[in-house]
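In: Here's my sequence, what's the structure:
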Amino acid sequence: MNRKAVVMLSGGLDSTLALKMMMEQGIEVLAVSFVSPFCTCTPKKAGCSSMAVKVARENEVPIEVISKGMEYMRIVENPRFGVGKGINPCIDCRIFMLRKVRERLDEWGAGFVVTGEVVGQRPMSQHMRAMKLIEKESGLQGILLRPLSAHLLPPTEPERLGIVDRERLLAIQGRSRQPQFQLAETLGVDDYLCPAGGCLLTDPIIAARLRDLFDHNPDYTMTEVRLVRMGRHFRINESLKVIVGRNHQENMVLERVTLPGTTRFFLDDDLPGPTALTFGPLGDDDRREVARMVVRFAKKVQLPIRVVCDQNAERSFIEVSDSIPEERLDSYRLQPRGKHKGQPPAPKESTGSS
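Out: Numbers count the residues shown, from 1 in each chain. Coordinates of the predicted model:
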């Protein structure tokens with residue numbers, strides 16, 4: 001076994017510490033970062049992998065960024081090992097990423113894999129039984145090193161061979177972050193914007209939107225997956241869904257979507273207001289209902305007002321004299337199971353991974 005390792009680098013604190021610990025032992029490392037639309041840790045105006053790339057560059061470590069893509073979405077849709085409080089298949093997710101890395105170890109010339117996992121830190125995927133299952137199912141038995149909790153786990157092959165000095169590894173466990181903060185100070189790590197990481201799949205509203213997508217459109221695209229993060233989501237009937245933008249940034253995104261079967265609605269005469277994007281066939285009553293939604297979320301409009309219906313660059317106009325009643329609007333709103341009201345706050349800009 002050689003002294004090169006692949007480090008699963010999210011850019012969060014734990015994976016950064018794992019990377020630094022390997023470098024302190026003179027291990028040659030390649031960082032790998034997986035990205036998806038559901039990351040929740042990144043600076044403003046940065047992509048999902050930004051922190052991982054930043055950490056890799058600061059440490060002069062090569063990095064490969066891998067998009068999880070549609071193969072991963074099919075796992076989210078039908079996980080083998082269940083989900084957490086939302087629609088988050090944490091165990092399946094770890095297995096998926098580690099298998100992808102296992103498939104390319106020879107290509108990368110690496111002998112083992114390193115992660116920042118900590119025993120007992122996450123309730124679904126980082127308890128002892130789950131960590132053993134993940135190691136087995138990923139095909140990395142004996143070569144998956146978790147340096148932050150190594151003394152709580154059996155020695156791995158690189159430890160037994162003396163490639164990694166086990167005595168310099170740790171026994172961190174539980175959900176407290178204090179041991180990691182202390183280690184970060186020791187290793188000179190002082191730029192970690194998102195110590196604990198996160199995933200939008202744990203959000204009950206995101207979960208509701210994804211379940212609706214899976215239930216109503218088995219041929220969904222990654223564009224539709226990304227749209228679950230933004231806007232207000234409504235289902236008028238089994239074949240018609242509506243997304244209404246919450247701010248200028250979201251309106252701009254909705255205006256650029258060109259999927260078949262979509263139609264845009266917005267106020268006439270360039271008046272400020274939301275863009276609504278519909279998915280599915282529209283009857284005359286449906287068009288009027290969506291137009292009333294647009295008026296409901298517009299600010300300071302004088303009624304009556306015209307709403308533009310833009311379908312395949314063909315425009316028609318709908319005269320609207322009143323907005324949709326709140327009770328009717330709520331009856332369309334996609335809700336978490338057991339909930340009746342509420343929408344997540346508008347994202348500041350974009351989010352990322354940890």
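
In: Could you look up the SS state of Leu183?
Out: At Leu183 the chain is in helix, as set by DSSP: H, G, I helix; E, B strand; the rest coil.

In: typed the wrong thing, it's Val83
Out: Once three-state DSSP is applied, Val83 turns out coil.

In: distance between stretch 319-337 and the chain's centre?
Out: Between the centre of stretch 319-337 and the centre of its chain there are 28 Å (Cα atoms, centre = their mean, to the nearest Å).

In: What are the contacting residues of that stretch?
Out: 204-205, 207-209, 212, 232-236, 242, 288-289, 291-296, 303-307, 340-343 (Cβ atoms under 8 Å, 6 or more residues apart in numbering). Any C-beta I mention is one placed from the backbone N, CA and C, and that applies to glycine too.

In: Okay, helices next: where are they in the protein?
Out: Along the chain, counting by DSSP state H, helices occupy 13-24, 50-58, 69-77, 90-103, 105-108, 128-137, 157-160, 178-187, 204-216, 222-227, 248-256, 284-297, 326-332.

In: Tell me which of these is the most buried.
Out: Highest mean neighbour count among the helices of the chain (mean count of other Cβ atoms under 10 Å): helix 13-24, with a mean of 24.

In: Below-threshold pLDDT in this structure: ranges please.
Out: Within the chain, the set of residues satisfying pLDDT under 70 comprises 40-49, 193-197, 337-354.

In: let's see 90
Out: Scanning the chain with the threshold set as pLDDT under 90 gives 1-2, 11-12, 39-51, 84-86, 122-124, 190-199, 269-270, 299-301, 312-313, 335-354.

In: Break it down into its domains, please.
Out: The chain breaks down by automatic domain parsing into domains covering 4-187, 228-332.

In: could you dump the ones you listed to JSON lines with distance to Tyr220?
Out: Listed next are the domains of the chain as JSON lines, based on distance: least, Cβ to Cβ, whole Å:
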{"stretch": "domain 4-187", "distance to Tyr220": "8"}
{"stretch": "domain 228-332", "distance to Tyr220": "10"}
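
In: closest one to Asn217 among those?
Out: Taking Cβ to Cβ, domain 228-332 is the member of the domains of the chain nearest to Asn217, at 7.6 Å.

In: how far does that closest one sit from the chain's center?
Out: Counting by Cα atoms, centre = their mean, domain 228-332 is centred 26 Å from the centre of its parent chain.

In: Gly82: what's it in contact with?
Out: Gly82 is in contact with Pro89, Ile91, counting by Cβ under 8 Å, 6+ apart.

In: Please report phi then psi for it.
Out: Phi and psi for Gly82, reported as degrees, to the nearest 10, are phi 80, psi 180.

In: Give me the contacts around stretch 171-185.
Out: 13-14, 16-17, 118-121, 148-152, 170, 189-190, 192, 195-196.

In: Try it again at 7 Å.
Out: By Cβ atoms under 7 Å, 6 or more residues apart in numbering, the residues outside stretch 171-185 that reach it are 13-14, 17, 118-121, 148-149, 151-152, 190, 192, 195-196.

In: filter the residues you listed to the buried ones?
Out: Restricting these to buried positions leaves Leu13, Asp14, Leu17, Val118, Val119, Gly120, Gln121, Leu148, Ser149, Leu152, Tyr192, with burial counted as 16 or more other Cβ atoms under 10 Å.

In: Can you say which two of those are spatially most distant?
Out: Largest separation among these by Cβ to Cβ: Leu152 and Tyr192, giving 22.9 Å.

In: Figure out how far stretch 181-194 is from the centre of its chain.
Out: That offset, for stretch 181-194, works out to 24 Å (Cα atoms, centre = their mean).

In: send the alpha carbons of it over as PDB?
Out: Taking C-alpha atoms only, stretch 181-194 is exported to PDB below (Å, rounded to 0.1, in the frame of the first residue of the first chain):
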ATOM      1  CA  PHE A 181     -12.300  23.800  17.900                       C
ATOM      2  CA  GLN A 182      -9.200  23.100  20.000                       C
ATOM      3  CA  LEU A 183      -7.700  20.900  17.300                       C
ATOM      4  CA  ALA A 184      -8.300  23.600  14.800                       C
ATOM      5  CA  GLU A 185      -6.400  26.100  16.900                       C
ATOM      6  CA  THR A 186      -3.500  23.600  17.200                       C
ATOM      7  CA  LEU A 187      -3.400  22.900  13.500                       C
ATOM      8  CA  GLY A 188      -3.700  26.600  12.500                       C
ATOM      9  CA  VAL A 189      -7.200  26.200  11.000                       C
ATOM     10  CA  ASP A 190      -9.100  29.500  11.600                       C
ATOM     11  CA  ASP A 191     -11.400  29.900   8.600                       C
ATOM     12  CA  TYR A 192     -14.400  27.500   8.900                       C
ATOM     13  CA  LEU A 193     -17.600  29.200   8.200                       C
ATOM     14  CA  CYS A 194     -19.800  26.100   8.800                       C
END
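
In: sorry, back to before: and the domains of the chain: which comes nearest Pro218?
Out: The nearest among the domains of the chain, by Cβ to Cβ, is domain 4-187 at 9.0 Å.

In: Can you check the distance spanned by that closest one, start to finish?
Out: Taking Cα to Cα, to the nearest Å as the measure, domain 4-187 stretches 21 Å from start to finish.

In: again, but for stretch 209-222
Out: 14 Å.

In: which residues are contacting it?
Out: Gly69, Met70, Glu77, Ile87, Glu224, Val228, His233, Arg235, Glu238, Leu259, Leu334.
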